[in-house]
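In: Here is the input, now give the coordinates:
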Amino acid sequence: MSSVDLAALPAGATDLLLPPDGRLLFFALPEAGDDTSMGTVVHLPADAAVTRRDSYAWNLANIAEYDRLFASYPEGPLRARTDVSLPHHKFIVPAGEEEAVYRPGHPYCSELVEIWEDTKDLIAPSAQMQFGGYADEEAVEFDPVDVAASLAAQAADAGHWDGPVSDDVADWVLLADWYAGRDVERREGATVHWVIQREDLAARRFERVFTTVFWNP
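Out: Numbers count the residues shown, from 1 in each chain. Presented below is the predicted three-dimensional model:
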């Protein structure tokens, strides 16, 4: 989906402990999945030898619709811009609880979120991708990172994802968002979230990235 040159990112541009160089390769299938990761991330060291493959090699069944959809993806350079990031969500489900509550310590969080939504495009308009910060999607009430952490824990319980997996959102961080609905035909309203546990990010275990897709068709 994208290739990010880490050495080109300005110092301190994100809240993430990223490697200083090399590239992050982001992959995703913009389809909703309940108990499995819908993408992956690969860290390519700066000195790694690579060979370009056929862009359509993944479509082993040669399904014409898949080729047509893939061909509709726009191509071009990504250019970094540093902007403020604030929460878009109003509710959380405390650990061990089933009922949602407003964000603790923020009695006016609903009003603050509405103000941010009304002014964001003037202050920090979103682009095709976002690295770090707070996750966003077309219709958001709960933190998408919290939702992804819960899905990762469910996937691990179902044997579809390797543990250990924490279901505590405090142990996770947003690596990137891709607003796929802007780029992919027939995926209007879709957002891809790549999330990773903080200890995995610190150890640069990018194979541990869990990917979710929100789609509001």
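
In: going forward, measure contacts between C-alpha atoms and count neighbours the same way
Out: Noted.

In: SS state for residue 119?
Out: With DSSP: H, G, I helix; E, B strand; the rest coil as the basis, residue 119 sits in helix.

In: Contacts only, for the spatially most central residue of the chain.
Out: Residue closest to the mean C-alpha point of the chain, counted by C-alpha atoms, centre = their mean, is residue 193 at 2.2 Å. Residue 193 makes contact with 135, 144-145, 148, 174-178, 211-214 under the criterion C-alpha atoms under 8 Å, 6 or more residues apart in numbering.

In: now the residues you listed in CSV, with pLDDT?
Out: CSV is the format used below for the contacts of residue 193 (pLDDT from 0 to 100):
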residue, pLDDT
135, 85
144, 87
145, 89
148, 89
174, 94
175, 95
176, 93
177, 91
178, 88
211, 94
212, 91
213, 89
214, 84
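
In: Which ones among those residues map onto strands?
Out: Among these, the ones falling in strands (DSSP state E) are 174, 175, 176, 177, 178, 211, 212, 213, 214.

In: sorry, back to before: just confirm the residue nearest to the centre of the chain is within a helix.
Out: No. Applying three-state DSSP, one finds residue 193 to be strand, outside a helix.

In: does residue 172 have beta-bridge partners, and which?
Out: Using DSSP bridges, the beta-bridge partners of residue 172 come out as residue 197.

In: Quick one: residues contacting it.
Out: Neighbouring residues of residue 172 by C-alpha under 8 Å, 6+ apart: 145, 149, 195, 196, 197, 198.

In: That one and residue 80, how far apart?
Out: Using C-alpha to C-alpha, to the nearest Å, residue 172 is found at 23 Å from residue 80.

In: sorry, back to before: restricted to buried residues, select the contacts of residue 172 in ChimeraX.
Out: Command for ChimeraX that selects the buried part of the contacts of residue 172, burial taken from 16 or more other C-alpha atoms under 10 Å:
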select :145,149,195,196,197,198
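
In: quick one: which of the contacts of residue 172 is nearest residue 54?
Out: residue 195 (27.9 Å; C-alpha to C-alpha).

In: if I read this right, the closest one contacts residue 173, doesn't it?
Out: Yes. The pair residue 195 / residue 173 is scored as a contact, 5.8 Å apart, by C-alpha atoms under 8 Å.

In: re the thing from before, got TSV for the contacts of residue 172, with distance to residue 120 too?
Out: Shown next, in TSV, are these (distance: C-alpha to C-alpha, whole Å):
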residue	distance to residue 120
145	20
149	26
195	23
196	26
197	28
198	27
